[in-house]
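> Quick one, what's the 3D model for this:
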Amino acid sequence: MDVQDPITTAEDATRRAHGQSLLSPRFYRTDFAAMDRFDFTPLRAEWDALFAEFERDANRSHFERDEQFKAEVQAMPEALKQEFLDFLISSVTAEFSGCVLYADMKKNARNPDMHALMGYMARDESRHAGFINRCLRDFGLDIDLGKLKKTKNYTYFRPKYILYATYLSEKIGYARYITIFRQLQQQPERCFHPIFRWFEAWCNDEFRHGEAFALMMRSDPRLLGGHNKLWIRFFLLAVYATMYVRDHLRPQLHQAMGFEPTDYDLRVLRITSEITKQIFPLTLDIEHPAFQAGLDRLFRIADRRRSLRQRGGLLAGVHRVALAVPAVLTFARLFLLPTLPNPVPEPTRVRLAPAW
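Residues are numbered from 1 along each chain as shown. Below you'll find the predicted structure:
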């Protein structure tokens with residue numbers, strides 16, 4: 001189902017959630033035994049402090065809708081409604097993907113630290129996904145998450161890829177939520193749906209999850225050095241580019257909140273880059289003119305591919321496939337741009353697990 005296809009029924013919403021594309025959230029599998037071999041002993045003081053936050057569960061009562069919630073769901077122009085529904089479906093799929101992954105890690109963990117941590121994070125992501133799904137239910141479009149878990153395709157990622165991608169997803173999620181919350185706090189007349197009022201406390205869960213993955217990476221120095229710097233660079237670019245293209249395909253959603261999509265994305269990327277300096281040995285030069293020009297080119301290619309899909313037919317299909325070439329070349333040029341070194345402290349030396 002294409003992002004331009006209208007969402008009018010629960011079946012449409014479910015098809016959108018099942019979608020497999022470079023822009024759609026995925027479900028993941030990994031080597032659970034390798035994930036279970038982390039040793040957090042040298043970081044025990046930080047680990048215990050983080051665990052105390054999870055145990056305190058400050059958001060225990062946060063994801064409850066008040067009496068006014070449904071009454072505040074406003075009628076909105078059809079184009080805005082479609083982009084907002086796409087945003088909700090993408091969000092519930094991403095949150096539920098995290099829930100499924102963390103629950104699987106907990107199920108397969110023998111390490112008590114890992115078992116407890118993944119239980120806490122699965123708990124949080126389940127709340128997030130359920131809350132968004134109840135918002136979809138207001139439109140008659142809630143998704144059968146149990147069926148989604150059974151039927152959606154899964155992608156296998158090596159453990160280190162899971163760490164890089166999930167850390168970035170959690171941190172960029174924090175940056176997105178807090179940017180939207182602050183904008184609508186300053187301009188409450190633009191808060192066209194009550195879900196945005198929940199974003200401030202919500203984003204604290206995202207930040208905490210990212211910190212857990214940061215501790216995992218710090219527990220094994222090899223994950224942040226050597227050839228893995230190239231993988232860090234790749235995942236930074238992949239996550240940033242995916243967000244940029246996806247957001248630019250929803251212009252009315254951002255305009256309704258008082259954002260210009262490029263300005264919003266650069267705000268989010270600046271916040272995320274500052275956060276990742278705490279753990280990664282490099283950052284992308286997001287202010288470089290060639291970087292922003294490359295992201296714009298990726299968006300134009302994606303928008304052209306979307307138009308061709310809507311047109312349909314053999315010739316349009318051939319053109320869509322051909323556009324993969326400039327997309328790959330553009331991504332490669334972005335990857336080869338100089339990065340900014342980040343002299344982070346040397347990670348704590350610990351007993352090393354088998355090679356990643």
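> Looking at the protein, which helix is longest?
If you go by DSSP state H, the chain has its longest helix at helix 78-108.
> buried ones in it?
Along helix 78-108, these residues count as buried under the neighbour rule (16 or more other CB atoms under 10 Å): 80-106, 108. Every residue, glycine included, has its C-beta placed from N, CA and C.
> for this structure, what spans make up the strands?
For the chain, applying DSSP state E gives strands covering 27-29, 154-156, 282-284, 339-341.
> Please give me every residue in contact with the residue nearest to residue 155 when sequence neighbours are not counted.
Closest residue to residue 155 apart from its sequence neighbours, by CB to CB, 6 or more residues apart in numbering: residue 26 at 4.8 Å. Taking CB atoms under 8 Å, 6 or more residues apart in numbering, we find residue 26 in contact with 20, 97, 153-155.
> State the pair within the residues you listed that is farthest apart.
20 and 97 (12.5 Å; CB to CB).
> lowest-confidence helix or strand of the chain?
Least confident element among the helices and strands of the chain, by mean pLDDT, DSSP states H and E: helix 314-322 (a mean of 86).
> buried set for that one?
residue 320.
> helices or strands next to it in the packing?
helix 289-311 (3 or more CB pairs under 8 Å, 6 or more residues apart in numbering; DSSP states H and E).
> what comes into contact with the helix it packs on?
Residues contacting helix 289-311 (CB under 8 Å, 6+ apart): 2-4, 23, 240-241, 244-245, 248-249, 262, 265-266, 284-286, 316-317, 319-320, 323, 326-327, 330-331, 333-334, 337.
> hmm, try it at 6 Å
Residues outside helix 289-311 that contact it (CB atoms under 6 Å, 6 or more residues apart in numbering): 2, 4, 241, 244-245, 248, 285, 316, 319-320, 323, 326-327, 330, 334, 337.
> again with stretch 63-82
Counting by CB under 6 Å, 6+ apart, 127, 131, 138, 192, 194, 252, 256 sit against stretch 63-82.
> give me that answer again for 7 Å
6-7, 84, 127, 131, 134, 138, 192-194, 252-253, 256 (CB atoms under 7 Å, 6 or more residues apart in numbering).
> same deal with stretch 100-117?
Residues contacting stretch 100-117 (CB under 7 Å, 6+ apart): 27-28, 32, 35-36, 38, 40, 47, 51, 118-119, 121-122, 125, 149, 212.
> And for stretch 317-331?
241, 294, 297-298, 301, 304-305, 308-309.
> Pull out the buried members of those residues.
Of these, these count as buried by 16+ other CB under 10 Å: 241, 294, 297-298, 301, 305, 308.
> What are the boundaries of the helices in the stretch 101-250 of the chain?
Using DSSP state H, counting those that start in this stretch, the helices of the stretch 101-250 of the chain run over 112-137, 145-151, 159-186, 199-218, 228-248.
> related to what we said a few turns ago, please report how far the residue nearest to residue 155 lies from residue 110.
27 Å (CB to CB, to the nearest Å).
> Residue 50 too?
Residue 50 is 20 Å from residue 110, by CB to CB.
> between the two, which one's more packed in?
Neighbour totals were compared for residue 50 and residue 110, and residue 50 leads with 19 against 10 (other CB atoms under 10 Å).
> I'd say that one and residue 211 touch.
Yes: Residue 50 lies in contact with residue 211 (CB atoms under 7 Å); the separation is 6.0 Å.
> still on that earlier bit, pick the one among the buried ones among the contacts of stretch 317-331 closest to residue 275.
residue 241 (18.1 Å).
> Let me know the pLDDT of the closest residue to the closest one other than its chain neighbours.
Distance criterion CB to CB, 6+ apart; nearest residue to residue 241, sequence neighbours excluded, is residue 298 at 5.6 Å. At residue 298, the model reports a pLDDT of 97.
> Over to residue 69?
pLDDT at residue 69 comes out at 87.
> and the gap between it and residue 195?
Residue 69 is 8 Å from residue 195, by CB to CB.
> The two - which one has more neighbours?
When residue 69 is set against residue 195 and neighbours are counted by other CB under 10 Å, the residue ahead is residue 195, at 23 against 17.
> Quickly note the distance from the residue nearest to the more buried one when sequence neighbours are not counted to residue 65.
The spatially closest residue to residue 195, leaving aside those adjacent along the chain, is residue 135, at 5.4 Å (CB to CB, 6+ apart). Distance, residue 135 to residue 65, by CB to CB: 9 Å.
> of the two, who's got more company?
residue 135 (24 against 15).
> Against residue 295, how distant is that one?
Counting by CB to CB - residue 135 and residue 295 are separated by 29 Å.
> And for residue 165?
19 Å.
> out of these two, which sits in the more crowded spot?
Set side by side, residue 165 and residue 295 show more neighbours around residue 295, with 24 against 19, by other CB under 10 Å.
> Residue 276: which of the buried ones among the contacts of stretch 317-331 is nearest?
Nearest member of those to residue 276, counting by CB to CB, is residue 241, at 15.3 Å.
> wait, what's in contact with the closest one?
295, 298, 331.
> and with 8 Å instead?
So residue 241 contacts 295, 298, 331, 334 (CB under 8 Å, 6+ apart).
> The last one touches residue 236, doesn't it?
Pointing back at residue 334 there. No: using CB atoms under 8 Å, residue 334 makes no contact with residue 236, being 10.3 Å away.
> and residue 168, how far is that from residue 242?
10 Å.
> the more surrounded of those two?
residue 168 (23 against 18).
> Make sure the more buried one is actually in contact with residue 239.
Yes: counting by CB under 8 Å, residue 168 does reach residue 239; the two are 4.4 Å apart.
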